[in-house]
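**Student:** What would the 3D arrangement of this be:
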Amino acid sequence: MTSRTKSANVSDVKQQRYDVVIVGGGAAGLSGALTLARARRSVLVIDAGEPRNAPASHVHNYLGRESTPPGELLAIGRGEVAGYGGEIVEGRVASAERLSGEGEGGFRVVMEGGSTVEARRLLVTTGLVDELPPVPGLAERWGREVLHCPYCHGREVADRPVGVLSTGPLAVHQALMWRQWSDDVTLFRHTGPEPTDEEYEQLAARGVAVVDGEVTGLEVADDRLTGVRLAGGRVVPREALVIQARFIARSAVLESLGLVPVAQEMGGEVIGTYIPTDPVGATEVPGVWAAGNVTRLMEQVIGAAASGLMAASAINGDLIAEDTRDAVEARRRG
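**Tutor:** The predicted structure is shown next:
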């Protein structure tokens, strides 16, 4: 099979029916594509080119690829998939639909421009969108000094002044976590609930300062965060600000197949929405799998890649079972 690159368009794909179409070309999608291509399946990856971690400078906690820039990791993955004959094209999928009673069955994937491609199985790895608190300046510094995961970014801001923006009941937990990386942590009460007496005691014991008042913006100098500005005009010097983003699954394609996103709760707070699957990524719709952040909101890059591998293995096993049934029926007819 002739491989394709990101410059190809979905209307230029080599064939119109594949064993598997993968919607989303991040770590989960490319990992699944690599597994399926090595299993000698025809596989097409359709990627909208909107990786969640694009603002970040490096990928962390990925064994063997520590500190690799996100774009470089994707380029390596695309090359590996193409090397085994997988096709990767750019495009945005509008919906998917089951082909019932039409030839071999399967699914039709519909692009925003109207072009279509068919697949025996679908793997959706569209990821999630981070919804940030409505504070001016957060979006511009997101993934740089405005952070959410200490395992992703804690080492890079270690021993520097860190702020935690409280917008919900998880803020105290965040502040105590980030205290592992810095002894200068400040919890900004902002719009979050007042800590309990026990939480105040924990914060005091760990040396975490608590600042009342609403945060109205950030102070930036020489393209670096220097402080957090309060409603009264006071500026508290900080070099990093931790927030609680809301993780919203990019689930439109799965919803077009009848799947409904559900709320994910943590510590009594709804932190986002996801599409439920079984442990290997199978959804409630037969023939449709999901992997990565669209179904596991807290997954880091290496975990997303692993979930893509597991889903692809399950898909290949499902196709083998179908191939075997077809072969038995053909033998009986012959």
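**Student:** Burial check on Thr125, number of neighbours?
**Tutor:** Using other C-beta atoms under 10 Å, Thr125 has 31 other residues around it. For the C-beta atoms, the positions are set from N, CA and C on the backbone; glycine is no exception.
**Student:** Surely it and Ala291 touch.
**Tutor:** Yes - if you go by C-beta atoms under 8 Å, Thr125 and Ala291 touch, sitting 5.1 Å apart.
**Student:** in this structure, which spans are helices?
**Tutor:** For the chain, applying DSSP state H gives helices covering 27-38, 70-83, 138-141, 150-153, 171-178, 197-205, 252-255, 301-333.
**Student:** what's the most buried one of those?
**Tutor:** helix 27-38 (a mean of 28; mean count of other C-beta atoms under 10 Å).
**Student:** just checking, what packs against that helix?
**Tutor:** Here helix 27-38 touches strand 17-23, strand 43-47, helix 70-83, helix 301-333, going by 3 or more C-beta pairs under 8 Å, 6 or more residues apart in numbering; DSSP states H and E.
**Student:** Throw those into CSV and include mean pLDDT and distance to Val164, thanks.
**Tutor:** What follows is the helices and strands packed on helix 27-38, written out as CSV (pLDDT from 0 to 100; distance: least, C-beta to C-beta, whole Å):
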stretch, mean pLDDT, distance to Val164
strand 17-23, 97, 35
strand 43-47, 97, 34
helix 70-83, 96, 25
helix 301-333, 97, 24
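**Student:** Out of these, which gets nearest to Trp178?
**Tutor:** Checking the helices and strands packed on helix 27-38 against Trp178 by C-beta to C-beta gives helix 301-333 as the closest, at 20.5 Å.
**Student:** Let me have the helices of the chain in TSV, adding distance to Glu50 as columns.
**Tutor:** Below are these laid out as TSV (distance: least, C-beta to C-beta, whole Å):
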stretch	distance to Glu50
helix 27-38	12
helix 70-83	12
helix 138-141	15
helix 150-153	19
helix 171-178	26
helix 197-205	37
helix 252-255	13
helix 301-333	15
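**Student:** Please name whichever of these is nearest to Asp212.
**Tutor:** Asp212 lies closest, by C-beta to C-beta, to one member of these: helix 197-205, at 12.3 Å.
**Student:** Give me the contacts around the closest one.
**Tutor:** 172, 175-176, 187, 195, 210 (C-beta atoms under 8 Å, 6 or more residues apart in numbering).
**Student:** Now those in CSV, please, with extra columns for pLDDT.
**Tutor:** Shown next, in CSV, are those (pLDDT from 0 to 100):
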residue, pLDDT
Val172, 97
Ala175, 98
Leu176, 98
Leu187, 98
Pro195, 97
Val210, 98
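**Student:** Tell me the one of those residues nearest Ser100?
**Tutor:** Nearest to Ser100 among the contacts of helix 197-205, with distances taken as C-beta to C-beta, is Val172, at 51.7 Å.
**Student:** what about the residue nearest to that closest one when sequence neighbours are not counted, distance to Val210?
**Tutor:** Spatial nearest neighbour of Val172, excluding adjacent residues (C-beta to C-beta, 6 or more residues apart in numbering): Glu199 at 4.6 Å. Look at Glu199 and Val210: by C-beta to C-beta, to the nearest Å, they are 9 Å apart.
**Student:** neighbours of the nearest residue to Gly213 once chain neighbours are set aside, just the number please.
**Tutor:** Residue nearest to Gly213 in three dimensions, not counting chain neighbours: Leu230, with 4.4 Å by C-beta to C-beta, 6+ apart. Other residues lying near Leu230 total 19 when counted by other C-beta under 10 Å.
**Student:** Please apply the same query to Ala56.
**Tutor:** Neighbours of Ala56 using other C-beta under 10 Å come to 19.
**Student:** what's near enough to touch it?
**Tutor:** 70, 143, 152-153.
**Student:** Try it again at 6 Å.
**Tutor:** Ala56 sits next to 70, 143 when contact means C-beta atoms under 6 Å, 6 or more residues apart in numbering.
**Student:** so Val59 touches Pro69, yeah?
**Tutor:** No - the pair Val59 / Pro69 is not scored as a contact, 7.4 Å apart, by C-beta atoms under 6 Å.
**Student:** So for those two, which sits in the more crowded spot?
**Tutor:** Neighbours per residue, other C-beta under 10 Å: of Val59 and Pro69, the larger number sits with Val59, 22 against 13.
**Student:** so Thr116 makes contact with Val110?
**Tutor:** Yes - with contact defined as C-beta under 6 Å, Thr116 and Val110 form a contacting pair (5.3 Å).
**Student:** Now do stretch 60-73: distance to the chain's middle.
**Tutor:** 15 Å (C-alpha atoms, centre = their mean, to the nearest Å).
**Student:** let me fix that: stretch 111-125
**Tutor:** 20 Å.
**Student:** and if you look at stretch 202-218?
**Tutor:** 30 Å.
**Student:** got any ranges where the stretch 101-250 of the chain has weak pLDDT?
**Tutor:** By pLDDT under 70, the low-scoring segments of the stretch 101-250 of the chain are 101-104.
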